[in-house]
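Participant: Quick check, what structure comes out for this input:
(3 chains)
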Amino acid sequence: MVLLPDLQQHDEEVAEYNSATSSRSWYHNLLVAVALVFTLISVAFVATILWSSRSAWSSVSTLIGGRGWQSPTGPFGGLAMIVGTLETSIIALAIAVVIGLGTSIAIVFLIPRRLRTIVATCVELLAAVPSIVYGIWGLLVLAPFMLNTVDPWLNSWPLAQYIFGSPGQEFGTSLLLAAIVLAVMILPTFVAISREVISAVPQELMEASLSLGATRWQMIREVVLPTARIGLFGATFLSLARATGETVAVALVAGGVANVQFHLLYPGTSIASWIATEFGEAQGNEVAALMALGILLMVISFALSLVSRWLVNRQRKVLAMV
Amino acid sequence: MTNIDELTPVEDGHEMRALIRRTSNNQRARRVLISRVMMTLCAVAIAIAIVPLALLVYQLLRRGIPVLSTTFFTKLPESPSLTAPNATGGVSNAIIGSLALNIYASMMAIPIGVLAGVYLAESNSKLASTLRVIAQTMAGAPSILMGLFAFSLFVQDIKIGFTAIDGSFALAVLMLPVIAISSEISVRNVPNTLREAGLALGAKPHKISMKVVLPSALTGIVTGVILALSRAVGETAPVLLVIGGGYLNTWKPLDPVSALPLMIYTNAKSEWPSLRAEVWGIALVLVVVIFVLSLGARLWASRKQQVRN
Amino acid sequence: MEEIVSELTVNSPKQPEAPSALGPAAMKLDNVAVSFHGRTAVRDATFEVTKNRVTSLIGPSGSGKTTLLRALNRLHDLTPGTKVSGRITLEGEDIYRGNITVTELRSRVGMVFQRPNPFPTMSIYDNAVSGLRFNGIKKKEILDEAAETSLRAAALWESVSSRLKVSAGQLSGGEQQRLCIARALALDPEVLLMDEPTSALDPVATLRIEELMTTLKQRVTVVIVTHNMQQAARISDDCAFLLMGEDRAGELIEFGPTQKIFNDPTDSRTLDYTLGRFG
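Facilitator: Below you'll find the model as predicted:
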């Protein structure tokens, strides 16, 4: 993942360069045409899905607040999907951020310099593993393990039935499993970005803090992390975006049941995975409802993207000051 | 000028010094201990992070390798039955399908993506800044939306049915923003001195762009394209809804096709253990292809960089 | 586990070159050498840093001045493969093999760097007291007093006292550097190491910091690396001249009071340098 170079200086240079000659050459026109085509495709992207979903918006409150999904006639309630998306993504994010932060710190400050490129490459490769692979691993390896070992242990905790619900789904697929698989999936992404952001903190700041008598952890906690803070938030949002949009892995391991479910060991679903699983058999109104769920997903994704971009820009300004 | 009144007399310094020494000496052991503990926890974190990923790789190899065989690569799939529970056949339809889908997708996405990226790098018009925002937003969009887009456009509106072209389009829309963004970065990274040299020689900007800038940015652009491709190869959601899951080897754009990720998805849910076991082989092939593409792209790029230096 | 401890080799001590009869020594260097992965960067450093005087390390680039300076607060511990040999003492205590821990050493020997580097996410006040906070001092009264004292000592108080909570990034380059000086002074160190502190600043800012030196040395002992020998002549009391030898390692050529180094040096190479014949 690459952070974009400074835009303002570039734009000035480009303006200067372009003003050298004003050329309306065929090349220039071609580029503009292509840009327009791209824009058109993107607009069509939103427009066609929106258009396909139009009949579902007459009952917005059901779509967002309804608890049941009656196929093929309706009503189509999206609450279970929304709740499931939130639960799985947030838990996955919490796990991934805690472990990921520790991992990035370890990579930058504990691993010897020679090994760092290898580790960084491994992390990037892991981020490239397609989600379907994580999905089958979750379904075929992790689910039985959860069923036989982890679930009984979790259920033995006090207050277990409020969080987990005993005895849990009989196949081992559950919201918790989905959260765990998601966490494993977004971890490399989070680590890749946060490692880059942490390494970008200038060496002189670290030397300055150590020269004042700080311990290593103090240097990390009081200087490195605060300086990298905004970029770390960016990494968090990007990872959250990946988690909320994840389709097939969740489809395989969450259990695929449209219940508003707060007991983590029971099956649930998410917006993206519900679309994937129901679409094959859907007709007419149900298709429109699924398209509407797609719009919901789009809104969430665009909002997260907006926040991430804003954060990346802020981080650049912080570093520019040093 | 320094105002002498601003500077405190020396005598005060030593009282503070003693106090500072005392407190810091008292605190030191505690701070050092905390530091050791936290750094250990970070080491634990990286160990925890490695475990599931190592397990995944292990399972992939252990369960995937036995599945691979000539039959696997060359034969069409079969349905297991009670008399022949292990008759899974092969996945040649998915291999051909994936190839077809990605080739057609690349044909659509590469020209538009690269040129759009060049445009973004060389223009600072309103259109460019809007397009940049659009590209970044689309690049992060969940891939299932591309599938919905293709369905809506091709199946509902154009009414073409479930075909390879639908899936290719979905994948192309997926690759487009990624290629555009990385192309933009590559073109921007070309040092301005090259452009200025071209101007100084009296060349027109568009010629400079084509003959000087693009060749120089080519390595970065190709790397970006390969990385986008490696992502598209592994995606299930965009194709899941629209390609129809064909069971034959076909290159025709208007036929339904299968794809490697789709095959994994379908078989993983099957009630036949033999089919479920097969998915590991397909997954292994997929991962190997993606790794080769990713690593290859990076290695090639760094070698070109070295030559240049 | 925390930091990579530099290895030591014990050399037989040479006779110190120029015994300083000018007063008690804050730090003593005895045959100190620093090498990176076996390649010597600087050697033969033997001299005394006298209390409440400004000692400058001068010489052309590559002569190992900064490398030597950074050995004095064990900053080389951060770089694997670095060896520091010889003996460096602070108030008589060996800083590498003695009873003094690295964190304690660094709270007693402060450092100011070439480019101003205030912590960007902290305010002026927080920057000034950051050293105290790192060392576990939390009481507001102490921090406030230390902030004012150190900012005054760095000739910055008048300018910032009304905006202490403002981000440090709002200050100009020269002000930021003085903030870094204040930050180091807040711990009331015995020695202040300065690594070309004015080389990144404009002439006016440079002058303001040079003016600080006379008063600074009443509070702390200063060791300053500078590539600007006029600056050394202006502000320092004692001077160590280093030069890169044929083996590409810096060595101490001569040490003595600044007056002597510039007007009547013992070594001809020193004379050549101060007359501007090279460097």
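
Participant: which bits of chain C sit near chain A?
Facilitator: Contacts of chain C with chain A, taken as CB under 8 Å from any CB of the partner chain, map to C:2-3, C:73, C:75, C:78, C:80, C:103-104, C:106-107, C:110-111, C:113, C:115, C:117, C:119-122, C:130-131, C:133-135, C:169, C:180, C:183-184, C:187. The way it works is simple: take the backbone N, C-alpha and C, and place the C-beta from them, glycine included.

Participant: Could I get the contacting residues of residue 154?
Facilitator: This is for chain A. For A:Leu154, the contact set (CB atoms under 8 Å, 6 or more residues apart in numbering or on different chains) comprises A:Ala160, A:Phe164, A:Leu176, A:Leu265.

Participant: right idea, wrong chain: chain C
Facilitator: C:Ala154 makes contacts with C:Arg178, C:Leu179, C:Ile181, C:Ala182, C:Leu185, C:Leu212, as judged by CB under 8 Å, 6+ apart.

Participant: one more time with 10 Å, if that's ok
Facilitator: B:6-7, C:112, C:128, C:160, C:175, C:177-186, C:208-209, C:212, C:215-216 (CB atoms under 10 Å, 6 or more residues apart in numbering or on different chains).

Participant: circling back: out of the residues of chain C next to chain A, which are inside strands?
Facilitator: Residues of the residues of chain C next to chain A located in strands (DSSP state E): C:Gly110, C:Met111.

Participant: Write a ChimeraX command that selects only the buried members of the residues of chain C next to chain A.
Facilitator: Restricted to buried positions by 16 or more other CB atoms under 10 Å in any protein chain shown, the ChimeraX selection for those reads:
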select /C:73,75,103,104,106,107,110,111,113,115,117,119,120,121,122,130,131,133,134,135,169,180,183,184,187
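
Participant: isn't C:Tyr273 right up against C:Leu243?
Facilitator: Yes. C:Tyr273 lies in contact with C:Leu243 (CB atoms under 10 Å); the separation is 7.3 Å.

Participant: Which neighbours do the two have in common?
Facilitator: With CB under 10 Å, 6+ apart, C:Tyr273 and C:Leu243 have common neighbours C:Ile58, C:Gly59, C:Pro60, C:Ser63, C:Ile253, C:Glu254, C:Asp267, C:Gly279.

Participant: Go through those and say which is closest to chain A.
Facilitator: The nearest member of these to chain A, counting by CB to the nearest CB, is C:Ser63 at 21.2 Å.

Participant: If you drop the residues flanking it in sequence, what lies closest to B:Ser106?
Facilitator: B:Leu229 (6.3 Å; CB to CB, 6 or more residues apart in numbering or on different chains).

Participant: Find the helix or strand that A:Asn29 is a member of.
Facilitator: Using DSSP states H and E, the element containing A:Asn29 is helix A:26-52.

Participant: That helix packs against which elements?
Facilitator: Judged by 3 or more CB pairs under 10 Å, 6 or more residues apart in numbering or on different chains; DSSP states H and E, helix A:26-52 is in contact with helix A:284-321, helix B:92-122, helix B:126-139, helix B:143-150, helix B:164-189, helix B:205-208.

Participant: Tell me the first helix or strand C-terminal of the fifth one.
Facilitator: Heading C-terminal from helix B:164-189, the first helix or strand you meet, by DSSP H and E, is helix B:192-200.

Participant: got the residues of the stretch 101-250 of chain A near chain C?
Facilitator: With CB under 10 Å from any CB of the partner chain as the criterion, the stretch 101-250 of chain A meets chain C at residues A:110, A:112-114, A:201-219, A:222-223, A:225-230.

Participant: Out of these, which are close to chain B?
Facilitator: Near chain B, taking CB under 10 Å from any CB as the test, the members of these found are A:Leu110, A:Gly213, A:Ala214, A:Thr215, A:Arg216, A:Trp217, A:Gln218, A:Met219.
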